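**Student:** Provided below for reference: sequence and predicted model.
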Amino acid sequence: MNTKFLIISLIVLSGTFFFTSCEKSGCTDPNACNYDADAKKDDGSCRYNRDVKIFSQTKNLEIFATSTPAATFYFDEYNVESCYANDVHQVRLKVKNILTDTISIDCTVVMQTDAFTQHWSYDYTVSKLAPGATDSVGVITTNPTSIEGKEFDFPGIYTVTIHD
């Protein structure tokens, strides 16, 4: 009787091991963009769409020749991770009106390593930005060199219009 019990136990145990070892591996997190509903065992391959900020820099735009700041610019560098495309690097620009009046801005932004080397420039317009409001100007460049240690400048003519 003990031998029969032992044999049956071994058959059940080996059958359980056989069926559980054949479970499909994959991403089991339903929040991941590569989720596999058929996967029974998580293999660590889950990927998520996310932006990872690498570096940020702020710069003030002075209004006319008075050195009174009109706006603050935020230059943010991101590593953009995606399931559906190759990961990319981006530099994004946001502007915040720090005056007590509504303003519009026409400007060219240049990133440079020193006074003589320009990496890229970007022309943009922001219309009727309310006091304290922030506007996303957009992606300046994709797959840039790192902005850490670089200087941003607003060369030449720029226009700040104050509205009533």
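**Tutor:** Now that the structure is in, tell me what you want to look at. Numbers count the residues shown, from 1 in each chain.
**Student:** buried set for stretch 146-157?
**Tutor:** Buried residues in stretch 146-157, counted by 16 or more other C-beta atoms under 10 Å: Ile147, Lys150, Phe152, Phe154. Heads up, the C-betas are built off the backbone N, CA and C, glycines and all.
**Student:** now stretch 38-55
**Tutor:** By neighbour count with 16+ other C-beta under 10 Å, stretch 38-55 contains the buried residues Ala39, Cys46, Arg47.
**Student:** Over to stretch 75-93?
**Tutor:** Across stretch 75-93, burial judged by 16+ other C-beta under 10 Å covers Phe75, Asp76, Glu77, Tyr78, Val80, His89, Gln90, Val91, Arg92, Leu93.
**Student:** what does that stretch contact?
**Tutor:** 32-34, 47-59, 73-74, 94, 109, 111, 122, 124, 136-144, 146-148, 152 (C-beta atoms under 8 Å, 6 or more residues apart in numbering).
**Student:** May I have it exported as PDB, CA atoms only?
**Tutor:** C-alpha atoms of stretch 75-93 as PDB (Å, rounded to 0.1, in the frame of the first residue of the first chain):
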ATOM      1  CA  PHE A  75      15.500  73.700 -21.500                       C
ATOM      2  CA  ASP A  76      14.900  70.000 -20.600                       C
ATOM      3  CA  GLU A  77      16.700  67.000 -22.000                       C
ATOM      4  CA  TYR A  78      14.900  63.700 -22.000                       C
ATOM      5  CA  ASN A  79      15.500  60.100 -22.900                       C
ATOM      6  CA  VAL A  80      12.200  59.000 -24.400                       C
ATOM      7  CA  GLU A  81      11.700  55.300 -24.000                       C
ATOM      8  CA  SER A  82       9.100  53.700 -26.200                       C
ATOM      9  CA  CYS A  83       7.800  50.200 -27.100                       C
ATOM     10  CA  TYR A  84       6.900  51.200 -30.600                       C
ATOM     11  CA  ALA A  85      10.000  53.000 -31.800                       C
ATOM     12  CA  ASN A  86      13.700  53.300 -31.100                       C
ATOM     13  CA  ASP A  87      14.500  55.200 -27.900                       C
ATOM     14  CA  VAL A  88      15.400  58.800 -28.700                       C
ATOM     15  CA  HIS A  89      16.900  61.800 -27.000                       C
ATOM     16  CA  GLN A  90      15.100  65.100 -27.100                       C
ATOM     17  CA  VAL A  91      15.600  68.700 -25.900                       C
ATOM     18  CA  ARG A  92      12.300  70.500 -25.200                       C
ATOM     19  CA  LEU A  93      11.700  74.100 -24.500                       C
END
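**Student:** Understood, closing this out.
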